[in-house]
Every structure is written in C-alpha cells, then in structure tokens.
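Trainee: any chance you could fold what I've pasted below:
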Amino acid sequence: MFSSIRTKLTLWYVGFLTLVVVMFGAAAYQITVRELDRDLNRRLEEISQVFIAGTKAETDDEQETGHDRVVETGINEFQFRDYHFVVRGQSSAFTATTKEIEGKNITLTGKRFSDIRIGDKSFRVFETGFSLGTDQYKLLVLHSLDEEIELKNRLLTLFLLAGVLGVALAGIGGYFLVRRSIAPVIEMSREAGEISAENLGQRLSVRGRRDEVGQLAQVINDLLARLDHSFEQQRRFMADASHELRTPLAIVRGEAEVALSKDDRSPAEYRESLSILHDESKRLTKIVEDLFTLARVDAGQVAVNFAPVYLDEIVSDAIRSMRVLADQRQVAITIDGGAEMPFDGDESLLRRMILNLLDNAVKYSHRGGKVVVNLLSTGDKYQISVSDNGIGIPDEDQPKIFDRFYRVDRARSRSDETATSGAGLGLSITRWIAEMHGGKIVLVSSTADGSTFSVIFPR
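Mentor: So this is what the prediction gives:
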C-alpha cells in the first residue's frame, strides 16, 4: 500500500499540511492568548486608576475622616464583578479587602502583574502604589481567571478540532486530486506495457503537450521512435548481410561442386575454379571485415588513435595503392593541389576512408576514364574531393547512398564486380570516419558525366 505513488504523495501532502496547520494554529493561539492577557492587564490597570481617583476624591471631600477609613469605605463602595481589591498601608496592621477574599492570605510579589492562587481559584493581580496625603498605600486589584481559562480551553479545543477536520478533509481531497493527476501516468504505463518488439510502431497517447505528463509521454514516444528505427536498422542489416553473403557463398559452393564433379578436369580448369574461389573469398573477407568494423562502431569499441599526420601524404599513399586496380580498368588517377595539410587523426582510418572513395570512383568510372583528387586548404578547413566520370547517381538514390548495404544499380554492380567490390558498406564507414574526426562527407554533384564526393575537416 505504501509503495503506491498515490499514497506517498497523499501522505507527503497531509504531512506538510499538518505541519503548516500546527504552526499556524500554534501561532494564532499564542497571539490570541497574548491579546486576551493584554486586555485583562489593561482593564486591571484602568480599574486601579478609577479606584485611586475615587479614593482621592473622597479624601478631599472628608478632610476630618482618616485616610484608612476612606480606603475602607472606597473598597466597600467599589463593586465590580470578578474584581477584588486589597489595600495595605505603611503599617502592617492595616489591610482592607473586599468581602469575597477577606481573610485570605495574599502575598505581594513586587511585580506589576502576576498570577496567584487563592484556595482553588486562580487570579491575575495588578500591584501599584498610591498616596493619600502623607500616607503611602499598596493597591492590589485581583481578577478571577476562571473565564479566561475556560475561554482559552475552548479556543484550544476549537483549533484542534478545526485543524484535525481540515487536515482530514484535505487528505481525502488530496488523495482524489493525486489520483486524478496521475491517472494519465497509469494509462501511459498500461499502454507502454502493451508495446513489444512486434509493435514498436505503437505510441503512447499524449493528452496535454505542455504539462509535465505530456512532455514525459512525448519523450517516451521519441524513445520508442528511436528504438523502432534501431530495430528496423538491425533487421535490415541482418537481411542485407545475409543477402550479400549468400551470393559469394553460393558461387564458392557452386565452383567447388563443379571442380569435384569430374575426375578428369584439366589443370587450366582447376586453376580457373581456384581463381574464382580466390576472388570470392577476398570479397567475403572484405564484407566480413566491414561488418565487423560497423559492429564495433555501433558498440563503441573502435579505438581511435589520434596523432599528427599529413592528409596530403595519406592521399598520395592511397592513390599509389589504387594504381593496380585503376590500371586494370584503364582509369587514370590524378591529384590536383600539393600543399601540406597537417592534421591530428588516425592514419589507418583516414587512409581507409580515402581508399573507399577511390575504390568507388574507379569502380564506377568508364574504362579509359579519369579520377581526379583535389586537395584544398583554406583558412579554417581542409577539403578532399574525389571526382570521377562514371555513370552518376540517380536523384532518387542520392539521399540513400550513405545507408548500409545500399548500392546504386545492384544488377550492374553485381555483373561488373571485382575482388575489391564491397557490399554497399564503404560509404557508411567513410561517413563514420569523417564524423569521428570532426568532419563530414557530402555528395557535391552527380550527373550522367560523373560524381564528386568531398570530405571536409576543420583545420
């Protein structure tokens, strides 16, 4: 029960509200009691002033009467409900009191206001002095605290009942408000529980896009969209990988079966079969290496070793490595621009990136064509462009050329494959290498006369 968010929020709400009510009630009670005490003290002080003024007036009217006699007369004449008077003269033998407390032992405290008990009753005492002629007197005005104590008790009971009732009603209302507030979360939880790998396209319902719950639903929907995209990529990756591996494996198996089907094959026929097996094994090796590279990239396990290098030297070295393939296809490779291009990067990855671009350019160029590599160094960037005079890339295919396993005109590329032919993974790896070094690769142009790819690095 206490693990429920509704219960926890309600308890937190009730606890906080109880603390506020207790603090407010205690403060209100203290302020009210203080005001009651101040009012009582003010009345005691006013009554004492009235008594002293009346006694002095009687003294002026009856000069022949003694002051003590005047005081006794004044006490008898002043009749106030719940107020009692005690007057003591300089002589301890003289004490005049009202009849209700006559004979009671009342001790002077020396304070202006004090609370005392006489028998089973409590009194507030105001103590002051006055003089009649040359005689000095001490006046004590007493007021019973029974009504004040009863009023304070009623007030305390009222605060307690009101506080308990208010907290109880607030707790009940808070529970239903919390329940209503988290109802969308409960609904989202139910909908999320119905989503699995088979229906990742399903989304949570978003009621209010501006509140926190709506924003949470939108974040979860975005997460589901990314997961759906990742699962789709993985499914497509597996399907494409299976398709790409199936063809060379079928060729290897077929050639092996043909070679083993006859016992009297000539050495030339065996050599031809072994040559085919060798080419297909090289193609399989490249596909597997590319798959392994992309798998490590996705897992974040590729170690990139940055060190000072020269991009122009890496490009020149890659061109020398591609000469054999280019000569086989009668394609000339030229380089334009020879300025030094110092850079911090992983030499092996950068070389692989250039080789991938050159491999595509040579592979899709017409026989007798030309591949031009242009090196450009500006104030804030390096640009390496590779241009060919091949078949170009159709407009509808251009947004997909960096996708994994995507190849333009698959039928043509399959029929014209060489041992260096890939499986549509080269440009994906090239883009990752460029981005790993803070750069980017773009298709600058592609027409029927050829294509140009550019890699741009920050200088």
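Trainee: do a quick rundown of the helices in the stretch 351-459 of the chain.
Mentor: Assigned by DSSP state H, counting those that start in this stretch, the helices in the stretch 351-459 of the chain fall at 410-415, 426-436.
Trainee: mean pLDDT lowest for which of the ones you listed?
Mentor: Mean pLDDT is lowest for helix 410-415 out of the helices of the stretch 351-459 of the chain, coming in at a mean of 42.
Trainee: residues contacting stretch 11-25, please?
Mentor: If you take Cβ atoms under 8 Å, 6 or more residues apart in numbering as the criterion, stretch 11-25 is touched by F2, F159, L160, A162, G163, G166, V167, A170, G171, G174, V178. Placement of C-beta: from N, CA and C, glycine included.
Trainee: so which of those residues wins on neighbours?
Mentor: G174 (21 neighbours; other Cβ atoms under 10 Å).
Trainee: who's in contact with that residue?
Mentor: L9, T10, Y13, V14, L17.
Trainee: could you say which helix or strand holds the closest residue in space to G119 that isn't next to it in sequence?
Mentor: Residue nearest to G119 in three dimensions, not counting chain neighbours: K104, with 7.3 Å by Cβ to Cβ, 6 or more residues apart in numbering. Counting by DSSP states H and E, no helix or strand carries K104.
Trainee: for burial, what's the neighbour tally of K104?
Mentor: 14.
Trainee: was I right to think it contacts K121?
Mentor: No - in this structure K104 lies outside contact range of K121 using Cβ atoms under 8 Å: 9.9 Å.
Trainee: so where's the stretch 301-450 of the chain uncertain?
Mentor: 301, 404-424 (pLDDT under 70).
Trainee: how far away is the residue nearest to G119 from I333?
Mentor: According to Cβ to Cβ, to the nearest Å, K104 and I333 sit 126 Å apart.
Trainee: of all the contacts of stretch 11-25, which two lie farthest apart?
Mentor: Greatest spacing in the contacts of stretch 11-25, by Cβ to Cβ: F2 and F159 (29.7 Å).
Trainee: report the rounded mean pLDDT for the lengthiest strand in the chain.
Mentor: Assignment by DSSP state E gives strand 121-132 as the longest strand of the chain. Taken as a whole, strand 121-132 carries a mean pLDDT of 90.
Trainee: what's it packed up against?
Mentor: Counting contacts by 3 or more Cβ pairs under 8 Å, 6 or more residues apart in numbering; DSSP states H and E, strand 121-132 packs against helix 5-61, helix 67-77, strand 113-118, strand 135-144, helix 146-181.
Trainee: tilt between the second one and strand 135-144?
Mentor: With axes from the mean of the first three to the mean of the last three Cα atoms, to 10 degrees applied, the angle from helix 67-77 to strand 135-144 works out at 20 degrees.
Trainee: ok, and for helix 67-77, which residues are buried?
Mentor: Across helix 67-77, burial judged by 16 or more other Cβ atoms under 10 Å covers H67, D68, V70, V71, E72, G74, I75.
Trainee: against R323, how distant is the last one?
Mentor: In this case it means I75. 133 Å.
Trainee: any idea which helix or strand carries P184?
Mentor: Short version, using DSSP H and E: P184 is in helix 183-193.
Trainee: quick one, the next helix or strand after that helix and helix 183-193 angle?
Mentor: Next along the chain after helix 183-193, taking DSSP H and E as the criterion, comes helix 212-261. Relative orientation of helix 212-261 versus helix 183-193 (the same axes, to 10 degrees): 10 degrees.
Trainee: and helix 212-261, how far out from the chain's middle?
Mentor: Taking Cα atoms, centre = their mean, to the nearest Å, one finds helix 212-261 lying 34 Å from the centre of the chain it belongs to.
Trainee: give me the angle between the next helix or strand after that helix and helix 426-436.
Mentor: Downstream of helix 212-261, the next assigned helix or strand under DSSP H and E is helix 267-299. For helix 267-299 against helix 426-436, the angle by the same axes, to 10 degrees is 40 degrees.
Trainee: mean confidence (pLDDT) on helix 267-299, please.
Mentor: Here the average pLDDT along helix 267-299 is 77.
Trainee: now stretch 250-263
Mentor: For stretch 250-263, mean pLDDT rounds to 78.
Trainee: for the residue lying closest to N305 once chain neighbours are set aside, give me its contacts.
Mentor: Leaving aside its sequence neighbours, N305 sits nearest to D346 (Cβ to Cβ, 6+ apart; 5.2 Å). By Cβ under 8 Å, 6+ apart, the residues touching D346 are V304, N305, F306, A307, M436, H437.
Trainee: just the buried members of those residues?
Mentor: M436, H437.
Trainee: just the contacts of D346: which are in strands?
Mentor: A307.
Trainee: show me which pair in the contacts of D346 is furthest apart.
Mentor: A307 and M436 (14.0 Å).
Trainee: what's around L274, how many residues?
Mentor: 13.
Trainee: next one: the one 10 residues further on
Mentor: L284 is flanked by 18 other residues according to other Cβ under 10 Å.
Trainee: hang on, isn't it packed against P248?
Mentor: Yes - assessed by Cβ under 8 Å, L284 is found in contact with P248 at 5.1 Å.
Trainee: okay but S144 is in contact with D120, surely?
Mentor: No - at 11.4 Å, S144 does not count as touching D120 under the criterion of Cβ under 8 Å.
Trainee: looking at these two, which has the bigger crowd around it?
Mentor: S144 (17 against 5).
Trainee: now do the contacts for that one.
Mentor: Here S144 is in contact with D82, K121, S122, F123 (criterion: Cβ under 8 Å, 6+ apart).
Trainee: report the two of those separated the most.
Mentor: Those two in the contacts of S144 that are separated most widely, counting by Cβ to Cβ, are D82 and S122, at 12.0 Å.
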